[in-house]
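I would like to see how this sequence folds:
(chains A and B)
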Amino acid sequence: MRGRTHPVEAVAAWLLALIWLAPLAYAFWSALHPAAYATSFSLSAPWTLENFARAWKQAPFARYYLNTIMLVTLVLVGQLILSTLAAYAFARFKFRGSGIAFALVLLQLMIMPDVLIVENYRAIAKLGLLDTIPAIALPYLASAFGIFLLRQTFKSVPQELVEAARVEGAGPLGILWRVYVPLARPTYVAFGLVSVSYHWNNFLWPLIVTNSVEARPLTVGLAVFGAPETGVDWSVITAATVMTMAPLLVAFLLFQRQFVQSFMRAGIR
Amino acid sequence: MAALRHPTTPGMSDLAASSPIPERRAGSQAWWNAVNAWLLLLPAAVLLITFTHYPILATIRHSLFITRRNGTEVFVGLDSYQAMAADPIFWKALVNNFWFALGTIPASIALALVMAIWVNRNMRGRSFLRLAYFTPTVLPMIAVANIWLFFYTPDYGLLDQLRGLFGLAGWNWLGEPSTVMGCLIVMVIWKEAGFFMIFYLAALQQLSPDLDEAASIEGASRWYTFRRITFPLLMPTTLFVAINAVINSFKLVDHLVIMTKGGPNNASTLLLYYIYEVAFTFQDSSYAATLTVVLLVLLSAVALVKFGYLDRRIHYQ
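Alright, predicted model coming up:
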């Protein structure tokens, strides 16, 4: 049934795959060879890590890595805690106004912080947080998407388990921690992967609110480094580009299945 | 105990309904529930209000005021909107957004469908194919822009080197209004198709293999089966992906910052990028608010289509 693949189709599928990988392969080629070989592909071209060394020396990439890791951690931890609490409220408590409150949460799925840059900049400035890592994270800490996903999962938790925990004397938070959270593990993994990828890659908002090496994440650091006025070698810029995407790329290659499934779960809301 | 036997009954599944409370204490139990729920919601609610709801309202308010040099705000009514209607760059950005959406969405959806059908087959190396198609999804847009920038660099870039092989002269791909949009569209299709593929893949795996079998027993050609059976059954997925793609097309502007800055002569500017420029380069935050209102209206229209119309059709097939 699904096995009959015409050879022409197989060739086309492989050709498309190669075309799809070509830009990435090219980035690696250029980053790992001397500048002279940036556009001439020959098997005898010498391999080198010199471009990485130069990029690392010419810009504070170590600091950028640290900033991105701090940012991604802060966002993830904040989102997990806040979404868990809010999702629990929506999934298991009956209270007046819950319908409207939930609709107001869902609004953020459509009008994301990404488009409210002007007013959010004002808010961050008023809070005196400009040019800090929390400034980048704050608008994203309450995630409608996280609340929505966890609420779905929490609603499917069997009532027997909740009753059993209550009989053992667990309060609302005890039940959340001992029954709901462990059962929602796959959802946490899916949400976590999507969140980390999103914030590792996010660019426009961090570009707006940061202005110094101490706060800039990798993506913004890369843009500053690669700006044409800096006159940096093409090969060195590609090396920096590879450094920026390498951690996620490696994680993706290692946990391919989880990534694809997480993005899928996350998309089908 | 009755509640225990019907754990899946809707309405029975919350604490208030399932705990056997004596009648006279039901009122205080409901009150206690509400307090607990609002306390749980509080942290998320404060942040959502500060960074989503209040900013939406503040955007609308700021679009009706201008700020003087000395910092005082003056009510100007719809003046900013009139200025916007007369601003050719605004219209250019809006039209560009339309072409950007039209250029990227149908093409990446079609490619995504083809990719999903291939990856769904028992083809040799299908996991490699899936990997290849999906990889661009996990890359930062800014890194993608850096790589593709080099393809499009005049003379020295890969594309012009290829043209050189055929004896053609160099071409400034991103510097010419006639080619810049096309170049960016190709790049975005490359970035997005693999992401959309996984939704089709999920949908294809839900389809019953009997359908294919029945069709082939009836002697239907593969193309006929696809056109009359598979594609109609995938319609909900197509609509879902299309809506998400439309929302994305308003958000994707990262690449403009390093590739074109909206140029040449605003040929590649998009609405969100123009908002960014007006707010942070020209420092005109009240006009930026006016432009943001337009973006909010567009996104709300998409939301209405999604929640009001499509969700009903998608879930009850």
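
Please make it C-alpha for all contacts and neighbour counts, starting now.
Fine.

mind checking how far the helix or strand where A:Ala266 lies is from the chain centre?
Secondary structure from DSSP states H and E places A:Ala266 in helix A:256-267. The chain centre lies 12 Å from the centre of helix A:256-267; the measure is C-alpha atoms, centre = their mean, to the nearest Å.

pLDDT (mean, whole number) over that helix?
Averaged across helix A:256-267, the pLDDT comes to 79.

Contacts for it next, please.
Contacts to helix A:256-267, defined as C-alpha atoms under 8 Å, 6 or more residues apart in numbering or on different chains, come from residues A:149, A:189-191, A:193-194, A:252, B:131, B:134, B:198-199, B:202.

hmm, try it at 10 Å
Outside helix A:256-267, the residues that touch it by C-alpha atoms under 10 Å, 6 or more residues apart in numbering or on different chains are A:145-146, A:148-149, A:186-195, A:197, A:249-253, B:127, B:130-131, B:134-135, B:137-138, B:195-202, B:240-241, B:244.

can you map out the helices along the stretch 151-269 of chain A?
In the stretch 151-269 of chain A, the segments counted as helices under DSSP state H, counting those that start in this stretch are A:159-167, A:172-175, A:181-183, A:185-201, A:204-209, A:218-226, A:234-254, A:256-267.

is it possible to export these to TSV including mean neighbour count?
Below are the helices of the stretch 151-269 of chain A laid out as TSV (neighbours: other C-alpha atoms under 10 Å in any protein chain shown):
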stretch	mean neighbour count
helix A:159-167	15
helix A:172-175	16
helix A:181-183	15
helix A:185-201	20
helix A:204-209	21
helix A:218-226	23
helix A:234-254	21
helix A:256-267	19
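
can you tell me the residue of the stretch 51-200 of chain B closest to chain A?
Using C-alpha to the nearest C-alpha, B:Pro140 is the residue of the stretch 51-200 of chain B that sits closest to chain A, at 4.4 Å.

Enumerate every residue touching the residue lying closest to that residue once chain neighbours are set aside.
Distances taken as C-alpha to C-alpha, 6 or more residues apart in numbering or on different chains place A:Asn201 nearest to B:Pro140, at 4.4 Å, with adjacent residues excluded. A:Asn201 makes contacts with A:68, A:72, A:195, A:217-220, A:244-245, A:248, B:138-143, as judged by C-alpha under 10 Å, 6+ apart.

Any stretches of the stretch 1-150 of chain A with poor pLDDT?
For the stretch 1-150 of chain A, the stretches with pLDDT under 70 are A:1-5, A:39-41.

at 80 instead, please
Where the stretch 1-150 of chain A drops to pLDDT under 80, the residues are A:1-6, A:35-46.

Tell me where it has helices.
Counting by DSSP H, counting those that start in this stretch, the helices of the stretch 1-150 of chain A are A:7-31, A:50-58, A:61-92, A:98-110, A:117-126, A:133-141, A:144-155.

For A:Gly99, the count of nearby residues, please.
Applying other C-alpha atoms under 10 Å in any protein chain shown, we find 12 residues neighbouring A:Gly99.

ok, it - contacts?
Residues near A:Gly99 by C-alpha under 10 Å, 6+ apart: A:90, A:105.

Same check on A:Gly171?
Neighbour list for A:Gly171: A:165, A:177 [criterion: C-alpha under 10 Å, 6+ apart].

For A:Leu249, give its distance to chain B.
Applying C-alpha to the nearest C-alpha, to the nearest Å, the value for A:Leu249 to chain B is 7 Å.

so where's the stretch 101-250 of chain B shaky on pLDDT?
B:122-123, B:154-158, B:161-162, B:164, B:167-171, B:208-222.

what about the helices in it?
Under DSSP H, counting those that start in this stretch, the stretch 101-250 of chain B gives helices at B:126-138, B:141-152, B:158-165, B:177-206, B:209-217, B:222-225, B:231-233, B:235-251.

right, and those - which one's nearest B:Trp99?
helix B:177-206 (8.4 Å; C-alpha to C-alpha).

Could you give me the buried positions within that closest one?
By neighbour count on 16 or more other C-alpha atoms under 10 Å in any protein chain shown, the buried set for helix B:177-206 is B:177, B:180-185, B:187-204.
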